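Trainee: predicted model, plus sequence, below.
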Amino acid sequence: MPTFWLIIILLALSVAGFLLGRHRALATADGDIRALHSLPSYYGVNVAMWAGVPSLALLASWLLLQPMLIETRVVKSIPESMFAETGSLNLLMSDVRRLAEGLDLAEERGLLSNDQINALDLESSNLRVELGTIGVALGSEILPEVLSAAQSYRGFSKTGHLAMVVACLGLAGAGFVYALLQTQKDLRARNLVERGAMALLVLAASLAILTTVGIVLSMLFETVNFFGLHAWSDFFFGTTWAPNFRGDSELSILPLLWGTLYISAIALLVAVPVGLFAAIYLSEYASPAVRTLAKPLLEILAGIPTIVYGLFALLTVGPMLLRFFGQGENGLLGLDWMSGATSVLTAGFVMGIMLIPFVSSLSDDIINAVPQTMRDGSLGLGATKSETIRQVVLPAALPGIVGAILLAASRAIGETMIVVMGAGAIAKFSGNPFESMTTITTRIVSQLTGDTDFASPETLVAFALGLSLFVLTLGLNVLALIIVRKYREQYD
């Protein structure tokens, strides 16, 4: 049974539980709603929750854990000598999964039966050609060990899927019957439903926290592996970024960190004043007609893909700056500060344009949230409109404004495409905004791109860079909280 239909059956069982639970509660009260402890719908929701929630939670957990457990079993059947030949275990398992999916598609299309797939061997069949006829392209030669592992992978997957269907349907049925039998007029159904809803809310919050923890731990483990292969002192205190996949690399974060902060600072210098002034105008001075038109147009900037901004930087802003500040006597200003269209200023300026709606929209919302009575009181005491904005509205809205600036800063630090196309790919220390530089995010992409050994320090350095970027943004959040608390106490 496909997973989609299993979900449909579980949802249908929950709907049936709601209807039957509601009907049974009314039946035990002889149709008198006043004799029930709770409203009839609570009894139905209680049965529906028992029938649907545990089974759907089991289904989600099973779908998450089954591939990892299957891979653990499959890896044991692969000779360890294969790891070195293929480059890494991760790349090898990627080939196994791709081949297993191709064999599943071949069975679904009727090209091969399950028995034929289990009996396949590379000597008696041209498997790549057969799979190619149904659109499955395998990039490399199929090894006998990979085929055997893919066959085992399919077998474990089928067994696990069957067990999942039986377990989910059994749990849903048991929950359905248990809740339905417990349903009677004196059951505190509302209390049970509210506790169940509270548990779901706690689960949702826990999933968000656990996801963050999982991301950090995944980066942390690979970072530990990286520092086992590369000196931490060179990473944190070196001054050169020069990866060499043949070995003897210099992998220092400092040049990348400098480029990241430099470009982000220019972007904020563009975005914060423009965005904040735009928010003040829209909130305090613009007429309703102007606000209705201008605010959506301003927020359109937030929906433009970053690759479009990158093209804008590469094809428009970069050449324009080059015409003003470069080309020697041919330039409009007769300067020779820029040697190419890619520079820190190019990327920072375009990134600042991209960040304007992040600052303006959030600042506008928080300024509008300041009570009108505070404005009226200030004006009643004789303050002008501008004095009211400076001395009353902005201090009251400062926590939200700091949050908007923090969001813009985090967005700038994590940007990739604009930097790739507007700032270049040179990692170095320089205070000249007209020179090319690069950032941490672009190097992460570069180090993980291509057919390279996953266990090499040149690849694992991407995780150390990612963890460092996480710590940097976390520090920005902590700093923002300190600033907000300070100004909030001063205002209070």
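Mentor: Thanks, I have it.
Trainee: contacts and neighbour counts: CA atoms only from here.
Mentor: OK.
Trainee: now do the contacts for Ile266.
Mentor: Taking C-alpha atoms under 8 Å, 6 or more residues apart in numbering, we find Ile266 in contact with Leu345, Gly348, Phe349, Gly352.
Trainee: secondary structure element for it, which one?
Mentor: helix 254-280 (DSSP states H and E).
Trainee: which other residues reach stretch 345-358?
Mentor: When contacts are defined by C-alpha under 8 Å, 6+ apart, stretch 345-358 is touched by residues 263-272, 274-275, 298-299, 301-302, 309-310, 312-313, 317-318, 321, 404, 407-408, 411-412, 418-419, 421-423, 433-434.
Trainee: what residues of the helix holding Ile266 count as buried?
Mentor: Using 16 or more other C-alpha atoms under 10 Å as the test for burial, helix 254-280 gives 254-268, 270-272, 274-280.
Trainee: report the separation between Val308 and Leu269.
Mentor: Using C-alpha to C-alpha, to the nearest Å, one obtains 21 Å as the distance from Val308 to Leu269.
Trainee: what's in contact with stretch 186-196?
Mentor: By C-alpha under 8 Å, 6+ apart, the residues outside stretch 186-196 that reach it are Leu36, His37, Ser38, Leu39, Tyr42, Tyr43, Val45, Asn46, Met49.
Trainee: any regions of the chain where pLDDT drops low?
Mentor: Per-residue confidence for the chain (pLDDT under 70) gives these ranges: 75-92, 109-111, 114, 116-145, 245-247, 327-336, 450-455, 484, 487-492.
Trainee: domain-wise, how is it divided?
Mentor: If you go by automatic domain parsing, the domain ranges for the chain are 3-187, 241-491.
Trainee: out of those domains, deepest packed?
Mentor: domain 241-491 (a mean of 19; mean count of other C-alpha atoms under 10 Å).
Trainee: just how off-centre is that domain within its chain?
Mentor: 19 Å (C-alpha atoms, centre = their mean, to the nearest Å).
Trainee: next, give phi and psi for Ser249.
Mentor: Torsion angles at Ser249 (phi, psi; degrees, to the nearest 10) stand at phi -90, psi 150.
Trainee: skipping adjacent residues, who's closest to it in space?
Mentor: Of all residues not flanking Ser249 in the chain, Pro243 sits nearest, at 4.7 Å (C-alpha to C-alpha, 6 or more residues apart in numbering).
Trainee: quick one on the thing from earlier: how about CSV for the domains of the chain, with distance to Val224 added?
Mentor: Shown next, in CSV, are the domains of the chain (distance: least, C-alpha to C-alpha, whole Å):
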stretch, distance to Val224
domain 3-187, 18
domain 241-491, 8
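Trainee: these: which one's closest to Thr212?
Mentor: domain 241-491 (10.6 Å; C-alpha to C-alpha).
Trainee: just the strands in this protein please.
Mentor: If DSSP state E is used as the criterion, the strands of the chain fall at 241-242, 250-251.
Trainee: tell me which of the ones you listed sits nearest to Leu201.
Mentor: Nearest to Leu201, of the strands of the chain and by C-alpha to C-alpha, is strand 250-251 at 43.7 Å.
Trainee: ok, that closest one: who's next to it in the sheet?
Mentor: Using DSSP bridges, the strands paired with strand 250-251 are strand 241-242 (antiparallel).
Trainee: identify all contacting residues around the partner strand.
Mentor: Ser249, Glu250, Leu251, Ser252, Ile253, Pro255, Leu256, Ala427, Lys428.
Trainee: make JSON lines out of the residues you listed and add distance to Arg154.
Mentor: Output for the contacts of strand 241-242, formatted as JSON lines (distance: C-alpha to C-alpha, whole Å):
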{"residue": "Ser249", "distance to Arg154": "41"}
{"residue": "Glu250", "distance to Arg154": "43"}
{"residue": "Leu251", "distance to Arg154": "41"}
{"residue": "Ser252", "distance to Arg154": "44"}
{"residue": "Ile253", "distance to Arg154": "43"}
{"residue": "Pro255", "distance to Arg154": "47"}
{"residue": "Leu256", "distance to Arg154": "44"}
{"residue": "Ala427", "distance to Arg154": "46"}
{"residue": "Lys428", "distance to Arg154": "49"}
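Trainee: which among the residues you listed gets closest to Gly377?
Mentor: Leu256 (50.3 Å).
Trainee: is the closest one in contact with Ser436, as I believe?
Mentor: No: counting by C-alpha atoms under 8 Å, Ser436 is not a contact partner of Leu256; they are 12.0 Å apart.
Trainee: check contacts around Gly400.
Mentor: When contacts are counted by C-alpha under 8 Å, 6+ apart, Gly400 touches Leu362, Ser363, Ile366.
Trainee: my error: substitute Arg291 in the last question.
Mentor: Leu282, Ser283.
Trainee: so how far is Phe312 from it?
Mentor: From Arg291 to Phe312 the distance is 27 Å (C-alpha to C-alpha).
Trainee: ditto for Leu469
Mentor: 26 Å.
Trainee: Ser456 now?
Mentor: As defined by C-alpha to C-alpha, Ser456 lies at a distance of 36 Å from Phe312.
Trainee: cool, and Asp364?
Mentor: Applying C-alpha to C-alpha to Asp364 and Phe312 gives a distance of 27 Å.
Trainee: next: Ser157.
Mentor: 47 Å.
Trainee: give me the nearest residue to Leu311, chain neighbours excluded.
Mentor: Met421 (6.9 Å).
Trainee: now do the same contact list for the spatially closest residue to Thr240 that is not a sequence neighbour.
Mentor: Excluding its sequence neighbours, the residue lying closest to Thr240 (C-alpha to C-alpha, 6+ apart) is Ser252, at 5.6 Å. Listed by C-alpha under 8 Å, 6+ apart, the contact partners of Ser252 are Asp234, Phe235, Phe236, Phe237, Gly238, Thr239, Thr240, Trp241.
Trainee: repeat that for Thr388.
Mentor: Neighbours of Thr388 in contact, by C-alpha under 8 Å, 6+ apart: Arg375, Ser378, Leu379.
Trainee: again, only this time at 6 Å
Mentor: For Thr388, the contacting residues are Ser378, by C-alpha atoms under 6 Å, 6 or more residues apart in numbering.
Trainee: Gly17 too?
Mentor: Val47, Ala48.
Trainee: the contacts of Ile266 in helices, which ones?
Mentor: Applying DSSP state H to those, the entries found in helices are Leu345, Gly348, Phe349, Gly352.
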